[in-house]
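Peer 1: Structure for this input, please:
(2 chains)
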Amino acid sequence: MGGHHDVSYLAPKGTPLQTLLAWMFTVDHKKIGVMYLVATTFAFALGGLAALLLRAELMYPEIGQVLPEYKAGATTITANNLYNRAFSLHGVIMVFLFIIPAIPAALGNIFLPIMLGAKDVAFPKLNLLSWYIYVFGGIIAVYALIAGGVETGWTFYTPYSTTTNWGAVTAMVLAAFILGFSSILTGLNFIVTTHKLRVPGMGWFDMPLFVWAIYATAIIQVLATPVLAITLIMLMCERMFHIGIFDPSMGGDPVLFQHFFWFYSHPAVYIMILPGMGIISEIITVHCRKRIFGYRAIAFSSIAIAAISFLVWGHHLFTSETPAANVVFSALTFLVAIPTAIKVFNWVSTMYKSSIVWNTPMLYAASFLFNFTIGGLTGPPLATLATDVHLHDTYFVVAHFHYVMMGGTVFAFVGGLHHWWPKFTGRMLNDNIGRIAAVIVFLGFNMTFFTQFFLGTQGMPRRYATYVDDFHHLHMISTIGSWLIGLGFLIHLLVFIQSLLGGEKAPKNPYGGLTFEWEADSPPIEHNFPHEPVMTHGPYDFDTVVPPHWDPKDYPLPDPSKIKPAH
Amino acid sequence: MMIAQTMSRLPSVLASSSLASEDSGWMRFWFRNTQGTFADGVDGVFFYIFWVSAIFFAILMGLMVYFGLKYRRIEGKPAEPSASHNTMLELSWSVIPTILMAIMFVWGFKEYIVMRVAPGDAMEVYVTAKKWNWNLEYPNGAGSLETVSKSVEGRVLAGIDAPVFVLPVNKPIKFIMTSEDVIHSFYIPSLRMKRDVFPNRYTTLWCEPTEITHKWDPEKKHGVPVTANGKGLYLFCAEYCGDQHSQMLAEVQIMSDGDFRAWMAEQANTDAIDKYTLGQILYKTAGCVACHSVDGSAGTGPTWKGIWDDARPGWKPQPGDAAVEDNRAVVGLNYIRESIMNPGAYLREGFANQMPTYQGKFKNREIEAIALYIKSLDPDFTDEAKSESEAEMAAKEQESGGE
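Peer 2: Predicted coordinates for the structure are as follows:
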């Protein structure tokens, strides 16, 4: 064994058992990131299957299309109950086990330290603890599913959640509570890493924008998640000891729960999308070989979004709160749209006079821009009081947040996975099949969710197991679209497996990126770099710097006299 | 003030003159039905936001596709240098959206206040929501006895016979709402109105319907659609409330003031309906249908079919209970009355105690009607129940004829 200075982090350690133990007790951020990646992908598959089941059931208006009624002992389980459990499962799994940890804890863990030129995160052992807390929370969530699941929705609104006697609500709430700690500790670790472990010479405005995005996310994770923890504790106490904080029959206030819940869960929406925005900034610059347009605007808008995200939770309560509160939250909600819009303008401007290669990551970045722009522009009708009253709790909301969460975050995640796959696995992916799958997923996604905007404006409420037949045709199109999404992801999975089994070996810098991860080996060695890397250029100096490991004759630079200074 | 008015008028002219004329295919495509005074305001804001968004989307995607085609990579050729920062450009794409959104906020707030302040002379209707049905109490104290069958015109009303609620045209109506269990939400899409309904608290909202969709047929005693829009006006529950959340719906019919009064009077007159039919009606309108089947299939509650006079394992009445008749615990009038007033009393194995109490909701004759209907659902007692009902009606008629 040659010591960790020249061995890939993926290299086996002696016998298979020793290798397994080495992974289980690793403090290497890359290994922990890979373990998160595997776990979150599994959660995504589980939540995705639940979604396909829901869509199949909704293809026709009558209940019981695919979900059977069955007997469990003396109790009859209705198809309605199964539907409600399936959508709750989809929500809980996708939110707490997939989308919150997917980008920060998986891709963020692998790449944040490398992009800063660091050997590891600031607290490697804490990082491992985060992972085990996540696993522990995940196990309790799976237990809750086996013990009957929950049919409260992922929002656990009181007094429904405190009075329902179906399933394992307390266990599921406990799982979400525990998963929250994993999120807090990861966020803390990334904040300290970003402050303290930047390579000497790297100022704040020399950091890659992915780091800025993860940093902004981490701030929200640390500040907002404790509120969720407190809220969930109160919910559990309410269920077990009937203390009457939220239950109106004991003098409690059910709307108070909604305030507490969204005080976390609205900022959490930005925990979900900000890292995706960071990935898009990386993909567009590298595959367009272009300095990012408005670096500071993008960096500051991440921080602005993080700050404003704490002030807008009340827009989830427009049909339950008083006009005085609603008017304030309506105005504040519009504020968050400004930095978001600025980012989109900057990304599109970056493509101007660039050198674009339409590979799988870039297709995903463009799909992100398309979907996320729709997702963003359908926010104002929900922030506007008069229109929200009509659209609140309808499929318009479902379509809106799927355009942001799936069309945005999931597309960015899959794009980022393709972008960095050669780096952390050391293998190339089949780009042609990847592009075909990307197009299938894009078409399927838009077919599934664009129809839902019309369902919403026409008045179809969400969380409905069955519906009046006026909505049938739109639901049918939506369901067929969901099969295309499933097909596309299946193809992606096969491409990933093919790459791991027999993919072409990846060079150190396949795309010509300038950030530190492209200086490292593919896959990186255990401590990322043989020596501490030296900051010789900015992360996006594509017009002045030949990328690391590239031959200048393969990478012609423009005439230096034509280049204007960046700032 | 002047500015706000001008701002709100400008886009509404844009939206209504060219694109949003009443009942156009375009409007039906977006909103399907439009029958209330709020629709003009809400739809006006909506289309203003829509066109602003559509223009921004077209510009952004047009540029993306154009750049994507024009600046495709040519190997060996570097990207042309261009600015990576432009203060004027960045300032304008921050300020212009801010102004456009300020208009959205102000206009939306203005229309919202209209929706939240009911006129003083509004007719008051009390709404009680429970898992899983709506109960509207009209000014004459009546609730709705009318249902619309799921089997008519091949419609699928979420698989149930939904109750019908009639509203008068061109009259403000104020709904005063509370819930008996969890949070529900009162939502009539065609009137663009929605408000959450809470236990132990009253919330209100109001509306003014603008278009007659049905006229009252005094012979058949139900509303007849008068426009193509008559189909598809619903009251939905928009806040998730459990198993039959999606079946917590009703059909809404808008009638002339005269027809509405005739309908309302008819609903108050339960004495004119024979007990068997009344039982059938109450089964659907009082919400029993949400949980209890009449065909033997399972639901959230036990089926009503074939249970009359049964003493079954799993039903364990205590000695002295009203349901013990002739030393046998049986499903009879007393058992049914107790189960309606105190639903946990004879909980059947395999079913949770989920049903709200109907204490004070039914007259004695209405409870008798429900019991009679349950009796008729047992094949051994069907004929007996029907003749009992006829006999009671005949006796009543004789009495009133003799006066």
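Peer 1: in a helix, that's where B:Met61 is, yeah?
Peer 2: Yes - counting by DSSP: H, G, I helix; E, B strand; the rest coil, B:Met61 is found in a helix.
Peer 1: Where does the prediction get shaky in chain A?
Peer 2: A:1-5, A:564-567 (pLDDT under 70).
Peer 1: Would you work out how far apart the start and end of stretch A:406-416 are?
Peer 2: 14 Å (C-alpha to C-alpha, to the nearest Å).
Peer 1: Now the stretch 151-300 of chain B against chain A: closest residue?
Peer 2: B:Pro189 (2.5 Å; C-beta to the nearest C-beta). Heads up, the C-betas are built off the backbone N, CA and C, glycines and all.
Peer 1: Look at the residue nearest to that residue when sequence neighbours are not counted and give its secondary structure.
Peer 2: Distances taken as C-beta to C-beta, 6 or more residues apart in numbering or on different chains place A:Gly459 nearest to B:Pro189, at 2.5 Å, with adjacent residues excluded. For A:Gly459, the assignment made with three-state DSSP gives coil.
Peer 1: From B:Gln35, how far off is A:Gly459?
Peer 2: Between A:Gly459 and B:Gln35 the distance is 12 Å, computed by C-beta to C-beta, to the nearest Å.
Peer 1: On the three-state scheme, the closest residue to chain A within the stretch 251-400 of chain B is what?
Peer 2: As assessed by C-beta to the nearest C-beta, chain A sits closest to B:Gly350 within the stretch 251-400 of chain B, at 3.1 Å. State at B:Gly350, reduced to three classes by three-state DSSP: coil.
Peer 1: Next up, phi/psi of the residue lying closest to it once chain neighbours are set aside, please.
Peer 2: Nearest non-adjacent residue to B:Gly350, counting by C-beta to C-beta, 6+ apart: A:Ala74, 3.1 Å away. The phi/psi pair for A:Ala74 (degrees, to the nearest 10) reads phi -90, psi -10.
Peer 1: Could you check how far the most centrally placed residue in chain A is from B:Phe381?
Peer 2: By C-alpha atoms, centre = their mean, chain A has its centre lying nearest to A:Ile99, at 3.7 Å. In this view, A:Ile99 and B:Phe381 are 57 Å apart by C-beta to C-beta.
Peer 1: All the helices of chain B, residue numbers only.
Peer 2: Using DSSP state H, the helices found in chain B span residues B:2-18, B:25-31, B:38-70, B:87-116, B:257-268, B:275-285, B:333-341, B:364-376, B:382-402.
Peer 1: I'd like those helices laid out as JSON lines, including distance to chain A.
Peer 2: Shown next, in JSON lines, are the helices of chain B (distance: least, C-beta to the nearest C-beta, whole Å):
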{"stretch": "helix B:2-18", "distance to chain A": "11"}
{"stretch": "helix B:25-31", "distance to chain A": "5"}
{"stretch": "helix B:38-70", "distance to chain A": "4"}
{"stretch": "helix B:87-116", "distance to chain A": "3"}
{"stretch": "helix B:257-268", "distance to chain A": "22"}
{"stretch": "helix B:275-285", "distance to chain A": "16"}
{"stretch": "helix B:333-341", "distance to chain A": "18"}
{"stretch": "helix B:364-376", "distance to chain A": "19"}
{"stretch": "helix B:382-402", "distance to chain A": "25"}
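Peer 1: Go through those and name the closest to B:Gly232.
Peer 2: Closest approach to B:Gly232 among the helices of chain B (C-beta to C-beta): helix B:25-31, 10.3 Å.
Peer 1: what's that closest one packed up against?
Peer 2: The contact analysis (3 or more C-beta pairs under 8 Å, 6 or more residues apart in numbering or on different chains; DSSP states H and E) places helix B:25-31 against helix A:431-457, helix B:38-70.
Peer 1: mind listing the helices for the stretch 451-567 of chain A?
Peer 2: In the stretch 451-567 of chain A, the helices defined using DSSP state H, counting those that start in this stretch lie at A:472-502.
Peer 1: How about the residues of it by chain B?
Peer 2: Proximity of the stretch 451-567 of chain A to chain B, by C-beta under 8 Å from any C-beta of the partner chain, involves residues A:454, A:457-459, A:461-470, A:472, A:540, A:542-543, A:555-559, A:562-564, A:566-567.
Peer 1: how about a cut-off of 6 Å?
Peer 2: The stretch 451-567 of chain A has residues A:457-459, A:461, A:463-470, A:543, A:556-558, A:562-564, A:566 near chain B, with proximity defined as C-beta under 6 Å from any C-beta of the partner chain.
Peer 1: that older thread, most tightly surrounded among the helices and strands packed on helix B:25-31?
Peer 2: helix A:431-457 (a mean of 21; mean count of other C-beta atoms under 10 Å in any protein chain shown).
Peer 1: Report all helices and strands that that helix contacts.
Peer 2: helix A:360-377, helix A:395-404, helix A:472-502 (3 or more C-beta pairs under 6 Å, 6 or more residues apart in numbering or on different chains; DSSP states H and E).
Peer 1: nearest residue to the residue of chain B positioned farthest from its centre other than its sequence neighbours?
Peer 2: Relative to the centre of chain B, the most outlying C-alpha is that of B:Gly76, 65.4 Å out, by C-alpha atoms, centre = their mean. Excluding the flanking residues, the one nearest B:Gly76 by C-beta to C-beta, 6+ apart is A:Pro556, at 6.1 Å.
Peer 1: how about the helices and strands packed on helix A:431-457 in a markdown table, adding mean neighbour count?
Peer 2: Converted to a markdown table, these look like this (neighbours: other C-beta atoms under 10 Å in any protein chain shown):
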| stretch | mean neighbour count |
| --- | --- |
| helix A:360-377 | 25 |
| helix A:395-404 | 23 |
| helix A:472-502 | 17 |
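Peer 1: Redo the helices and strands packed on helix B:25-31 as a markdown table? Include distance to B:Ser246.
Peer 2: Listed next are those as a markdown table, based on distance: least, C-beta to C-beta, whole Å:
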| stretch | distance to B:Ser246 |
| --- | --- |
| helix A:431-457 | 13 |
| helix B:38-70 | 24 |
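Peer 1: Any idea which of those gets closest to A:Gly294?
Peer 2: helix B:38-70 (15.0 Å).
Peer 1: Put the alpha carbons of stretch A:380-397 into PDB.
Peer 2: This file holds the C-alpha atoms of stretch A:380-397, laid out as PDB (Å, rounded to 0.1, in the frame of the first residue of the first chain):
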ATOM      1  CA  PRO A 380     -46.500  35.500  -8.500                       C
ATOM      2  CA  PRO A 381     -50.100  34.200  -8.900                       C
ATOM      3  CA  LEU A 382     -49.600  32.400  -5.600                       C
ATOM      4  CA  ALA A 383     -48.000  35.400  -3.900                       C
ATOM      5  CA  THR A 384     -50.800  37.700  -5.100                       C
ATOM      6  CA  LEU A 385     -53.600  37.600  -2.600                       C
ATOM      7  CA  ALA A 386     -56.700  37.700  -4.900                       C
ATOM      8  CA  THR A 387     -55.400  34.900  -7.200                       C
ATOM      9  CA  ASP A 388     -54.000  32.800  -4.400                       C
ATOM     10  CA  VAL A 389     -57.400  32.500  -2.800                       C
ATOM     11  CA  HIS A 390     -58.600  30.700  -5.900                       C
ATOM     12  CA  LEU A 391     -55.400  28.700  -6.500                       C
ATOM     13  CA  HIS A 392     -54.500  27.800  -2.900                       C
ATOM     14  CA  ASP A 393     -54.400  24.000  -2.300                       C
ATOM     15  CA  THR A 394     -55.100  23.200  -5.900                       C
ATOM     16  CA  TYR A 395     -53.100  21.400  -8.600                       C
ATOM     17  CA  PHE A 396     -51.700  24.800  -9.600                       C
ATOM     18  CA  VAL A 397     -49.600  24.700  -6.400                       C
END
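Peer 1: So it, near chain B or not?
Peer 2: Yes - interface with chain B: stretch A:380-397 contributes A:380-381, A:384-387, A:389-390, A:392-393 (C-beta under 6 Å from any C-beta).
Peer 1: Report how many residues lie close to B:Gln398.
Peer 2: 9 (other C-beta atoms under 10 Å in any protein chain shown).
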